[in-house]
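>>> here's my sequence, what's the structure:
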Amino acid sequence: MHQVLFPLVIVTILKQHGSKEQPLTISQIADMINRQYAPFADGEKVMNRSTVARTLESLVLYTEVGDLLDFCVIEGGSANKKKYYIEHHKIG
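As a prediction, the model looks like this:
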């Protein structure tokens, strides 16, 4: 799977499985991606935890400002165990 698709795959996982009441950890997201997209893996894994973490940091930054997308990726949890979910909002 090409790296360009990583944010799209992570957003899809968050929309399908995450919520404000039950946000997902980096490990949970990585495990779901590696299970669901295993046929597209070039190696042993589609995505490791550090790649998921870096992509999530970018998604949080890019979705918190502006009206380009109709959602924000929200970071919660604690410093030791960050959790993420998607919050929808209206554009404009």
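>>> buried ones in the top helix by length along the chain?
The longest helix of the chain (DSSP state H) is helix 49-64. Residues of helix 49-64 classed as buried by neighbour count (16 or more other C-beta atoms under 10 Å): Thr51, Val52, Ala53, Thr55, Leu56, Leu59, Thr63. (Each C-beta comes from the backbone N, C-alpha and C, glycine too.)
>>> which residue sits closest to the third one, ignoring its sequence neighbours?
Right, Ala53. Ile26 (5.1 Å; C-beta to C-beta, 6 or more residues apart in numbering).
>>> what does the second one give?
Across the structure, with C-beta to C-beta, 6+ apart as the measure, the residue nearest Val52 apart from its sequence neighbours is Ala30 (4.7 Å).
>>> helix or strand for that neighbour, which one?
Assigned by DSSP states H and E, Ala30 belongs to helix 26-36.
>>> helices or strands next to that helix in the packing?
helix 6-17, helix 49-64, strand 82-88 (3 or more C-beta pairs under 8 Å, 6 or more residues apart in numbering; DSSP states H and E).
>>> the last one pairs with which strands?
The partner list of strand 82-88 in its sheet, established with DSSP bridges, is strand 24-25 (antiparallel), strand 71-77 (antiparallel).
>>> what does it contact?
For strand 82-88, contacts defined as C-beta atoms under 8 Å, 6 or more residues apart in numbering pick out 11, 14-15, 18-20, 22-26, 29, 53, 56, 60, 70-77.
>>> quick one: neighbours of Glu87, just the number.
As a burial measure, Glu87 scores 12 neighbours (other C-beta atoms under 10 Å).
>>> with Leu5 instead?
14.
>>> dump the buried residues of helix 49-64 into TSV; add pLDDT and distance to Tyr37 as well.
Shown next, in TSV, are the buried residues of helix 49-64 (pLDDT from 0 to 100; distance: C-beta to C-beta, whole Å):
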residue	pLDDT	distance to Tyr37
Thr51	95	13
Val52	97	12
Ala53	96	18
Thr55	96	14
Leu56	96	17
Leu59	93	17
Thr63	88	22
